[in-house]
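*Asks:* Let's see this in three dimensions:
(one chain, ligands or ions: 1)
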Amino acid sequence: MDYSIKEITRIIGARSTGIHDAAIHVLLTDSRRLSSPGQSLFFALKTKGNDGHRYIEELYKLRVRHFVVSEIPENHHEMGEANFLLVKDPLKALQKLAIYHRKRFDIPIIGITGSNGKTVVKEFLYQLLRNEFNIVRSPRSYNSQLGVPLSVWQMNEKHTLGIFEAGISQPDEMDKLEPIIAPTIGILTNIGETHQENFLSMTQKCLEKLTLFNDCDAIIYDGDNLFLNNCLDAACLSHKAIGWSKVDSDAPLFIDSIEKRQDHTLIKCTLLGLDQQFKIPFTDDASIENVIHCLAVMLYLKPTSVNDLSKFATLEPVEMRLDIKEGINGCVLINDTYNSDINSLDIALDFQLSRRVDKHQKCTLILSDILQSGTLPKSLYKRVADMVARKKINHLIGIGRDLSAFSSLFEGETDFYPTTDEFIRSFSIRKFQNELILIKGSRHFHFERISELLEKKVHETILEVNLDALVHNYNYYRSLIKPETKIICMVKAFGYGAGSYELAKTLQEHRTDYLAVAVTDEGAELRNEGISIPIIVMNPEYSSFNVLFDNQLEPEVYSLRLLDAVIREAERRGLTSYPIHLKIDTGMHRLGFQQAELPEVIHKLKAQNGIFVRSVFSHLAGSDSEKLDEFTLHQVSRFQEIATQIEAALEYPVLRHILNTAGIKRFPEAQMDMVRLGIGMYGVGESGQKDLRNVSTLKTTILQIKQIPAGDSVGYGRSAFVERDSRIAVLPIGYADGLDRHLSRRGGEVLVNGRRCPFIGNICMDLCMVDVTDVQAEEGDAVILFGDNLPVEELATKLDTIPYEILTSISPRVKRIYFRE
Ligand SMILES: *Cc1c(COP(=O)(O)O)cnc(C)c1O
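*Replies:* Numbering: from 1, shown residues only. So this is what the prediction gives:
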């Protein structure tokens, strides 16, 4: 269902500068997702930290011709074939277009909102109804002001049911989403504390969410929840409400009993007066509630669909993240077992493209048959083949009888196998070398067996790094500074222990301006892995100048000796204007030029042209401490004075920067041209700060649990005796992994199944023991050493140190695992 540019111009009420018309198929909002330039319409969106207008020129070079903008670019003359659709607000224009598109369909649309469970309910409904409807639904959790219009845009004339989620974090947002989804059936999953900060009360938030249902025929919710009932009344929506109940036997859907067994739950219910029972393969309360919502929707939407409830037993858990793991032979694995329909394949392929080290890295896709009803297999696999070709997959391994049957549609290097077993038997895994491998299969193909084969074997202790949380924190600090101020992201010391490459890659994708590392080798490694943005080396060793210059790394220069050496090397290489960064000591008294040296520095700089000063900077000694504010302000003013003096003498503009994380938060007036963001990006801010998300989680598993009688001791030196009969868990992590040995005597704790357990006895080199007498725990259970509910700051306080030291002490043998939500 393409639209012409003329039509779109009219729909969004734009003023158009071009005369060429074109058929538009793709709405592009992220320049990195470009795949079919000719059919794309780019919306230049402004967000807190970024502005889409910046990418117009780059996209034009890639042959995109149509742009929705709020300002015509100054250099539009250089883009002769470009067509600009000028509007006040490109996001609003996108939403208008989606509203128009939505109005063309007269099919049932399910709108889901609530604090938790939106995506799970949507995916469960999809699994339960996909044989009866041709369903269009939000990809992953596309539920925002931007995600919702893009989800709705996917609708076409073949669809017979839509399922979309809507999420809000601020008042008035639902008003904008309501006409885009225009649901006929609403589901309110529940209301909790999430995103409460921007609302006056829970009631205000709930009423805002309920505006999604203004024009619904029915609203499904937990009828036993008094709060929800009151809100529905207050919103005057109670006449459409269909509450299911565990207590009211007159409810349209009455749940008689819920019996939890070892690995499943038996639910007895009364449906339209008929007693029925069914099994689900989950035992947690959230899944049970989500399943009941689905049952209620099915009952309302298509009563015949609940004649046979056996399909509930085959529901598959919904996993919502893409795992990135290190594989064998230098490969990187991306595991996506979320589901195997064509939309999620598109998203996963985009993600794979964005993780490539460089254009030459081989991309391999291991794909199973795709479950999709409503489309003929031939046209489905034609679309898959087009997608695979467009995303430049070098090697396709297709597993399944359907894919094999349509193998002739695929070009390039391909291999097909009828079953997973067959693939494992016949494929030599040594054939994979330095590839980026996306493993994407529907659950019953059991692709986890393939990823186990390809995974580098890991020690059970891991540091899990949440890349989305990193981006969240980065954007948070971005929002505190002026749009034109640049950010240098500090990824020194192996990214504060979290691993520099994956972080650098993610930050580069989010267009950070600069990276900084401690030593030359760290920078060279990033270059080898394809990081191309500027990198500053804070402490360039004299012995590594070759590597430094060969890799276009920009040195920090802090002494006359180093200045001489850098100039000499640049001249020896016949370079002119190689960028360097001058460090000034304004009171920290670590590295940096002192004021008295400046005349000589300036003299030397003016007498050569091998290097030029890109920036001048200084470091604050106590930006996080109120007691030192006077000193900090003194450092800032001294720095400004010196920087002005240098700039005047050099007669060219030089960037200035002095703030680190705490400085960004506390001295916004000193942000100058750049800031240097470190610890805050890793999730550690001022104490009690709620704007940041945890990035790193140190995790292990219980190796063994033993019963110890009262009076026995545990561990080396018999330092601890148990006073009662106890259960002691042994964990495969010790001081050689970076777990501080002092923790056991200073009240250190770990989290087992969400509950705190103390260390007992001395921490050993590779193992330690914790007391699990008071909690439910089994061998194999996960244990958290620090993370979401056990912040690294707490460990730091107990150990009388700072979070920096704990994060950077995690030993390299602890595998880092990266994920996105
Ligand atoms: C490490 C470092 C930073 C970052 O400090 P945070 O407190 O982690 O934000 C900034 N500037 C310099 C010179 C550094 O060495």
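*Asks:* What residue in the protein comes nearest to the ligand?
*Replies:* Gly678 (2.2 Å; CB to the nearest ligand atom). C-beta coordinates here come from the backbone N, C-alpha and C atoms, glycine included.
*Asks:* For that residue, which non-adjacent residue is closest in space?
*Replies:* Met490 (3.9 Å; CB to CB, 6 or more residues apart in numbering).
*Asks:* what's around that neighbour, how many residues?
*Replies:* Around Met490 there are 24 other residues, counting by other CB atoms under 10 Å.
*Asks:* Glu630 belongs to a helix?
*Replies:* Yes - counting by DSSP: H, G, I helix; E, B strand; the rest coil, Glu630 is found in a helix.
*Asks:* In contact with it, which residues?
*Replies:* With contact taken as CB atoms under 8 Å, 6 or more residues apart in numbering, Glu630 is in contact with no other residue.
*Asks:* Quick check: which element contains the spatially most central residue of the chain?
*Replies:* The structure's the chain has its C-alpha centroid closest to Asp468; by CA atoms, centre = their mean the separation is 2.5 Å. Assigned by DSSP states H and E, Asp468 belongs to helix 467-480.
*Asks:* What is that helix packed up against?
*Replies:* strand 486-490, helix 500-509, helix 661-666, strand 674-677, strand 815-820 (3 or more CB pairs under 8 Å, 6 or more residues apart in numbering; DSSP states H and E).
*Asks:* Now with 6 Å, please.
*Replies:* strand 815-820 (3 or more CB pairs under 6 Å, 6 or more residues apart in numbering; DSSP states H and E).
*Asks:* Could you check the angle the strand it packs on makes with helix 467-480?
*Replies:* Per axes from the mean of the first three to the mean of the last three CA atoms, to 10 degrees, the angle that strand 815-820 makes with helix 467-480 is 60 degrees.
*Asks:* Next, the angle helix 500-509 makes with strand 815-820.
*Replies:* 20 degrees.
*Asks:* who's in contact with strand 815-820?
*Replies:* 321-324, 458, 462-465, 467-468, 499, 502 (CB atoms under 6 Å, 6 or more residues apart in numbering).
*Asks:* what do you get if the cut-off is 7 Å, keeping everything else the same?
*Replies:* 321-325, 458-459, 462-468, 498-499, 502 (CB atoms under 7 Å, 6 or more residues apart in numbering).
*Asks:* any idea of the mean pLDDT for it?
*Replies:* Throughout strand 815-820, pLDDT has a mean value of 83.
*Asks:* Need the CA coordinates for it. CSV is fine.
*Replies:* Output of strand 815-820 as CSV, limited to C-alpha atoms (Å, rounded to 0.1, in the frame of the first residue of the first chain):
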residue,chain,number,x,y,z
LYS,A,815,33.3,-13.2,30.5
ARG,A,816,31.5,-10.0,29.5
ILE,A,817,28.1,-10.6,28.0
TYR,A,818,26.3,-7.7,26.2
PHE,A,819,22.6,-7.4,25.7
ARG,A,820,20.0,-5.0,24.5
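*Asks:* Show me the helices in the stretch 151-300 of the chain, by range?
*Replies:* 173-181, 202-210, 226-234, 285-301 (DSSP state H, counting those that start in this stretch).
*Asks:* and the protein, which of its residues are near the ligand?
*Replies:* Residues of the chain lying close to the ligand by CB under 6 Å from any ligand atom are Met490, Lys492, Met538, His619, Asn660, Thr661, Arg676, Leu677, Gly678, Ile679, Gly680.
*Asks:* what's the most distant pair in these?
*Replies:* Met538 and Gly680 (17.9 Å; CB to CB).
*Asks:* of the two, who's got more company?
*Replies:* Gly680 (23 against 20).
*Asks:* give me the number of residues near the nearest residue to the more buried one once chain neighbours are set aside?
*Replies:* The shortest distance from Gly680 to any non-neighbouring residue, by CB to CB, 6+ apart, is to Thr661 (3.7 Å). Residues near Thr661, counting by other CB under 10 Å, number 24.
*Asks:* Okay, domains of this structure per the record?
*Replies:* When the chain is parsed with automatic domain parsing, its domains come out as 3-94, 105-313, 333-369+380-457, 464-682, 696-820.
*Asks:* weakest of these in terms of mean pLDDT?
*Replies:* Looking at those, the bottom one is domain 333-369+380-457 with a mean of 86.
*Asks:* Work out the gap between it and the centre of the chain.
*Replies:* 22 Å (CA atoms, centre = their mean, to the nearest Å).
*Asks:* and if you look at stretch 793-807?
*Replies:* 26 Å.
*Asks:* and what of stretch 643-663?
*Replies:* The answer for stretch 643-663 is 34 Å, by CA atoms, centre = their mean.
*Asks:* buried set for that stretch?
*Replies:* 643, 646-647, 650, 654-663 (16 or more other CB atoms under 10 Å).
*Asks:* Filter the residues you listed down to the ones in helices?
*Replies:* Ala643, Ile646, Glu647, Leu650, Thr661, Ala662, Gly663 (DSSP state H).
*Asks:* out of those residues, who's nearest Val613?
*Replies:* Leu650 (6.2 Å).
*Asks:* what's near enough to touch the closest one?
*Replies:* Counting by CB under 7 Å, 6+ apart, Leu650 has contacts Leu605, Val613.
*Asks:* For the nearest residue to Lys456 once chain neighbours are set aside, give the beta-bridge partners.
*Replies:* Using CB to CB, 6+ apart and skipping residues adjacent in sequence, the residue nearest Lys456 is Glu326, 4.9 Å away. Bridge pairing for Glu326 (DSSP bridges) gives the partners Val332.
*Asks:* does Glu326 really touch Leu454, like I thought?
*Replies:* No - applying CB atoms under 7 Å, one finds Glu326 not in contact with Leu454, separated by 9.9 Å.
*Asks:* neighbour-wise, which of those two wins?
*Replies:* Shown here are Glu326 and Leu454; by other CB under 10 Å, Leu454 has more neighbours (21 against 16).
*Asks:* Now do the SS call for Ile366.
*Replies:* Ile366 ends up strand, using three-state DSSP.
*Asks:* Now do the strands in the stretch 201-350 of the chain.
*Replies:* In the stretch 201-350 of the chain, the segments counted as strands under DSSP state E, counting those that start in this stretch are 218-222, 241-244, 253-260, 265-271, 274-280, 322-326, 332-336.
*Asks:* winner for burial among those strands?
*Replies:* strand 218-222 (a mean of 24; mean count of other CB atoms under 10 Å).
*Asks:* what's next to it, contact-wise?
*Replies:* Against strand 218-222 from outside (CB under 7 Å, 6+ apart): 185-188, 190, 213, 228, 237, 240-244, 289, 293, 296-297, 300.
*Asks:* now do stretch 651-658
*Replies:* With CB under 7 Å, 6+ apart, stretch 651-658 has contacts from 613-618, 620, 636, 639, 643, 646-647, 670, 672-676.
*Asks:* show me the contacts for the closest residue to Lys246 other than its chain neighbours.
*Replies:* In this structure, Lys246 finds its nearest non-sequential neighbour in Ile255, 4.6 Å apart by CB to CB, 6+ apart. Contact analysis of Ile255 by CB under 7 Å, 6+ apart lists Trp244, Ser245, Lys246, Ile267, Cys269, Ile292.
*Asks:* what's the burial count for the closest residue to Asp217 other than its chain neighbours?
*Replies:* Nearest residue to Asp217, sequence neighbours excluded (CB to CB, 6+ apart): Thr184, at 5.4 Å. Look at Thr184: counted by other CB under 10 Å, it has 18 neighbours.
*Asks:* Now the terminal residues of stretch 383-398, how far apart.
*Replies:* Stretch 383-398 has an end-to-end distance of 15 Å (CA to CA, to the nearest Å).
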